[in-house]
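J.: got a predicted model here, sequence first, then my questions.
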There are 2 protein chains.
Amino acid sequence: MSKQAALRLDLAVTTCCAPLTQRPVPPETAQALAPAFKALGDPVRLQLLSMIASAEGGEICVCDLTPAFDLTGPTISHHLKVLRDTGLVDAERRGTWVWYRARPAMLRQLAVLLAAPPADAP
Amino acid sequence: MSKQAALRLDLAVTTCCAPLTQRPVPPETAQALAPAFKALGDPVRLQLLSMIASAEGGEICVCDLTPAFDLTGPTISHHLKVLRDTGLVDAERRGTWVWYRARPAMLRQLAVLLAAPPADAP
DNA sequence: TCGCTGTCTCGACGTCCGTCGAAGCAGAGA
DNA sequence: TCTCTGCTTCGACGGACGTCGAGACAGCGA
């Protein structure tokens, strides 16, 4: 993960707490979390993240990711880098292949922020 | 809301169910929900949505939204249109002013998709 | 009816993003 | 050491996005 991404993640962890529907999010929190939402704002990255997060054993090889899309290797690599820089996934080279695993911390933050009251307060 | 947006919302409601960490999201679901995440991918829109969703009485006037940012009226209006087209908020003109209120359905969808297992499976 | 205020739409401009081909780097095997 | 495979980085291109000023439209009060 880049130093920039680490900073963003840290900021997010320390400033985000209350659901979006409970109180207005402060500008700093919005600044910190918007990049994460933006990262999820591409269908390819959304599928990539879910393939990684739902993989058996918690990790998955790039070689299993790339063939699932009609895109070139560099493009998939670019999307993975965006997810990495946002702190949503982590990568590790093991021998020939690179393995990706999800980082649920940020994911949980986003889920909490989006959490809406059950159903009686529509 | 535009006809296109209605279609997107409908598609999302019918296809999205399982959390992202549980199984890979199908391409159609990713296509349907990515625009919503993209809409949240801007700090201004994130703040706007939270101001609307957390407003007392469930709604808020544009005239209370605009002064909260260092942006011109047209720019705020543009961001509100994005949120409207995504199905995240709804607008209603009442007399001179336009009032916005949140539409929690889509918000809930996104939260469910992002829901991660508690903490024992990091 | 005529202004006046509040909001949205339109057109334009600069910047960012998704995609690709080509090149570079790391590991494995001969 | 050499070569081959897998993945990433680099550079470039076309399209989308955020922002603004100017203009248009809706409703209110005189």
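T.: Sure, I can see it. Residues are numbered from 1 along each chain as shown, chains lettered A, B, ... in the order given.
J.: can you give me the strands for chain A?
T.: Taking DSSP state E as the criterion, chain A contains strands spanning A:59-61, A:89-94, A:97-102.
J.: go through the ones you listed and name the closest to chain B.
T.: In this view, these are compared for proximity to chain B by C-beta to the nearest C-beta, and strand A:97-102 is the closest at 6.9 Å. All C-beta atoms are positioned from the backbone trio N, CA, C, and that covers glycine.
J.: read off the pLDDT value for the nearest residue to A:Ala111 once chain neighbours are set aside.
T.: Leaving aside its chain neighbours, A:Ala111 sits nearest to B:Leu114 (3.9 Å; criterion: C-beta to C-beta, 6 or more residues apart in numbering or on different chains). On the pLDDT scale, B:Leu114 is placed at 93.
J.: contacts only, for B:Leu114.
T.: Shown in contact with B:Leu114 (C-beta atoms under 8 Å, 6 or more residues apart in numbering or on different chains): A:Leu107, A:Leu110, A:Ala111, A:Leu114, B:Pro19, B:Leu20.
J.: for A:Glu92, which non-adjacent residue is closest in space?
T.: A:Trp99 (5.3 Å).
J.: so the one you found bridges to which residues?
T.: For A:Trp99, the beta-bridge partners under DSSP bridges are A:Cys61, A:Glu92.
J.: against DNA strand C, how distant is it?
T.: 13 Å (C-beta to the nearest atom of the strand, to the nearest Å).
J.: again with A:Arg23
T.: For A:Arg23 relative to DNA strand C (C-beta to the nearest atom of the strand), the value is 22 Å.
J.: which residue packs closest to that residue, ignoring adjacent ones?
T.: Distance criterion C-beta to C-beta, 6+ apart; nearest residue to A:Arg23, sequence neighbours excluded, is B:Ser54 at 5.2 Å.
J.: was I right to think that neighbour contacts A:Gln22?
T.: Yes. Applying C-beta atoms under 8 Å as the test, B:Ser54 and A:Gln22 come out as touching, 5.8 Å apart.
J.: comparing those two, which residue is more hemmed in?
T.: B:Ser54 (18 against 15; other C-beta atoms under 10 Å in any protein chain shown).
J.: can you give me the distance of the more buried one to DNA strand C?
T.: Noted for B:Ser54: a distance of 18 Å to DNA strand C, by C-beta to the nearest atom of the strand.
J.: who in chain A is up against DNA strand D?
T.: With C-beta under 7 Å from any atom of the strand as the criterion, chain A comes near DNA strand D at residues A:61-63, A:66, A:73-74, A:76-78, A:80-81, A:91, A:96-98.
J.: what's the burial count for the residue nearest to A:Trp97 when sequence neighbours are not counted?
T.: Ranked by C-beta to C-beta, 6+ apart and with sequence neighbours excluded, the top spatial neighbour of A:Trp97 is A:Cys61, at 4.8 Å. A:Cys61 sits with 14 neighbouring residues when counted by other C-beta under 10 Å.
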